[in-house]
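*Asks:* One predicted model, sequence on top.
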Amino acid sequence: MQAFTYTSAAARVIFGAGSLQHLVRETEQLGARRALVLCTPGQRAEAERVAALIGERCAGIFDQAVMHVPIETARHAREVARELEADCAIAIGGGSTMGLGKAIALESELPILAIPTTYAGSEMTPIYGITEAGLKKTGRDVRVLPRTVIYDPELSLGLPLPLSVTSGINAMAHAAEGLYAADANPIMSMLAEEGIRALAEGLPQIVLRADDLDARSQCLYGAWLCGTVLGNVGMSLHHKLCHTLGGSYNLPHAETHTVILPHALAYNAPAAPQAMQRIARALGSEDAAQGVHALARALQAPLSLRELGMPYEELDRCTDIALQNAYANPRPLERAALRALLENAWHGHAPVTGN
Ligand SMILES: NC(=O)C1=CN([C@@H]2O[C@H](COP(=O)(O)OP(=O)(O)OC[C@H]3O[C@@H](n4cnc5c(N)ncnc54)[C@H](O)[C@@H]3O)[C@@H](O)[C@H]2O)C=CC1
Ligand SMILES: O=C(O)/C=C\C(=O)CC(=O)O
């Protein structure tokens, strides 16, 4: 075993069906007297439920969270938090709502209590992203790491099936890249493999029965582990490509991860054989890239960039953007091979290993 450095970022996690009932206790534990509840417009009802549970400890609801945290929304939410003299942000929702909480915490150091309802995993990371003038910038800051996370699988029962599947594969992508990260360590690799396994087991069951609470629990557990990996080790080509496609072409986040992951794994496979073996084992497949592709196909997820609205004529420019700024990747970035990767992904072909 190689030497490694491991820093544990501790969050308090309350996990299990019905665990939202502990919200008041957890709010008190954070010392919050004036919590601002955050949500998307579509999850206003869930935010009102949270507000009702905490009663007079609720300072208000801000229901304008949107994907990729536009700076204007961040500024508005920060102003509302200041005006209401909020001393805590309670974020209920997916990565977009977590991201808004983080944008507030970045300036105010307000503690975040996170209640995730998708599998994106942002609640477990000190990573924030803010979009300004069409450009998404991400950074790491421990101030934005939620202090407490309540994982209640009952809250994910209403997550639409297509988003359940793509969000689950978004989570798997964190774990897959964590297994070949330059700063990988055995603890995160163990969580990564177990996270992929839990999602590979849970997602097909959800597709059979969307209200299967055990399967929803499996997936949320997997998302927790995969999010922890994202928060603790560096990501590579796959995440870079997805951020390029999401940030520059406004493609939907979880769906883009789903389309790209098999191709990014196929690209990196020759340079990261051990990681691929562990991903394949967790998927119960012979091959990591083909295994993810087969899972996405079986669960009727999108397979091509074309169906996500990516203009074909932009593939060259997208390749150029992905080649800008050096970042760690197990296989060196080669222009022709990357362009071929995007070509395959655009058409929705099966991944080609080591192309
Ligand atoms: N900073 C980080 O560590 C991470 C950040 N992200 C960011 O998060 C964003 C994507 O987050 P996602 O969770 O994929 O999507 P999202 O948070 O945008 O949610 C997608 C839609 O689903 C709805 N929704 C969420 N949970 C639901 C439920 N249980 N029932 C019914 N509807 C529900 C939301 O209201 C929203 O309309 C992106 O901006 C991405 O960059 C994603 C992963 C990690
Ligand atoms: O873009 C962000 O907000 C930060 C990280 C991620 O979105 C991770 C991901 O690509 O799923």
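*Replies:* That came in fine, so what should we check first? Ligands and ions are numbered 1, 2, ... in the order given.

*Asks:* isn't Ala210 right up against Leu157?
*Replies:* Yes - using Cβ atoms under 8 Å, Ala210 makes contact with Leu157 at a distance of 7.1 Å. Glycine gets a C-beta too; all of them are placed from N, C-alpha and C.

*Asks:* can you give me the strands for the protein?
*Replies:* Using DSSP state E, the strands found in the chain span residues 12-15, 35-38, 58-62, 88-93, 112-116, 127-132, 135-140, 148-151.

*Asks:* what number of residues lie near Arg143?
*Replies:* 15 (other Cβ atoms under 10 Å).

*Asks:* looking at it, Glu107 is touching Ala81, isn't it?
*Replies:* No - proximity of Glu107 to Ala81 does not meet the contact threshold set by Cβ under 8 Å, at 9.1 Å.

*Asks:* Of those two, give the one with the bigger neighbour count.
*Replies:* Ala81 (25 against 13).

*Asks:* out of the strands of the chain, nearest to Gly222?
*Replies:* Minimum separation from Gly222 across the strands of the chain (Cβ to Cβ) falls at strand 148-151, 11.0 Å.

*Asks:* in the protein, which residue is closest to the centre?
*Replies:* Nearest residue to the geometric centre of the chain (Cα atoms, centre = their mean): Ala120, 2.7 Å.

*Asks:* Provide a list of residues in contact with the residue lying closest to it once chain neighbours are set aside.
*Replies:* Distances taken as Cβ to Cβ, 6 or more residues apart in numbering place Gly95 nearest to Ala120, at 3.5 Å, with adjacent residues excluded. Neighbour list for Gly95: Met67, Thr118, Ala120, Gly121, Ser122, His253 [criterion: Cβ atoms under 8 Å, 6 or more residues apart in numbering].

*Asks:* switch the cut-off to 7 Å
*Replies:* Applying Cβ atoms under 7 Å, 6 or more residues apart in numbering to Gly95 gives the contacts Thr118, Ala120, Ser122.

*Asks:* mind checking how far His347 is from ligand 2?
*Replies:* Here His347 is placed at a distance of 23 Å from ligand 2 (Cβ to the nearest ligand atom, to the nearest Å).

*Asks:* Count the residues that sit near that residue.
*Replies:* His347 has 13 nearby residues by other Cβ under 10 Å.

*Asks:* wait, it sits on Ser304?
*Replies:* Yes - with contact defined as Cβ atoms under 7 Å, His347 reaches Ser304; the gap is 5.9 Å.

*Asks:* residue contacts, Thr125?
*Replies:* Gly227, Leu230, Gly231.

*Asks:* Apply 6 Å and report the result again.
*Replies:* Residues in contact with Thr125 (Cβ atoms under 6 Å, 6 or more residues apart in numbering) are Leu230, Gly231.

*Asks:* Need the pLDDT of it.
*Replies:* At Thr125, the model reports a pLDDT of 97.

*Asks:* try the one 3 residues further on
*Replies:* On pLDDT, Tyr128 comes in at 97.

*Asks:* same check, this time on Ala326
*Replies:* With respect to pLDDT, Ala326 has a value of 77.

*Asks:* Near it, how many residues? Count them for me, please.
*Replies:* Burial of Ala326 is recorded as 7 neighbouring residues (other Cβ under 10 Å).

*Asks:* Quick check: it vs Ile127, distance?
*Replies:* In this view, Ala326 and Ile127 are 19 Å apart by Cβ to Cβ, to the nearest Å.

*Asks:* on that earlier part again, of the contacts of Gly95, which belong to helices?
*Replies:* Using DSSP state H to define helices, no part of the contacts of Gly95 is located there.

*Asks:* partners of the worst-scoring helix or strand of the chain on mean pLDDT, with directions?
*Replies:* Across the helices and strands of the chain, mean confidence by mean pLDDT, DSSP states H and E is lowest for strand 135-140: a mean of 87. Under the criterion DSSP bridges, strand 135-140 sits next to strand 127-132 (antiparallel) in its sheet.

*Asks:* residues in contact with the strand it pairs with?
*Replies:* 68-71, 74, 99, 102-103, 106, 136-140, 144.

*Asks:* same check, this time on stretch 300-314
*Replies:* So stretch 300-314 is contacted by Val165, Thr166, Tyr249, Leu251, Glu255, Thr258, Val259, Ala345, Trp346, His347, Gly348 (Cβ under 6 Å, 6+ apart).

*Asks:* Any idea how far apart the tips of it sit?
*Replies:* 26 Å (Cα to Cα, to the nearest Å).

*Asks:* That one and ligand 1, are they touching?
*Replies:* No - using Cβ under 6 Å from any ligand atom, stretch 300-314 stays clear of ligand 1, with a minimum separation of 13.3 Å.

*Asks:* again, but for stretch 40-52
*Replies:* Yes - contact of stretch 40-52 with ligand 1 (Cβ under 6 Å from any ligand atom) involves Thr40, Gly42, Gln43.

*Asks:* Could you list the buried residues of that stretch?
*Replies:* Across stretch 40-52, burial judged by 16 or more other Cβ atoms under 10 Å covers Thr40, Gln43, Glu46, Ala47, Val50, Ala51.

*Asks:* right, and the third one touches Ala91 too?
*Replies:* No - between Glu46 and Ala91 there is no contact, the gap being 10.9 Å when judged by Cβ atoms under 6 Å.

*Asks:* I am finished for the moment; much appreciated.
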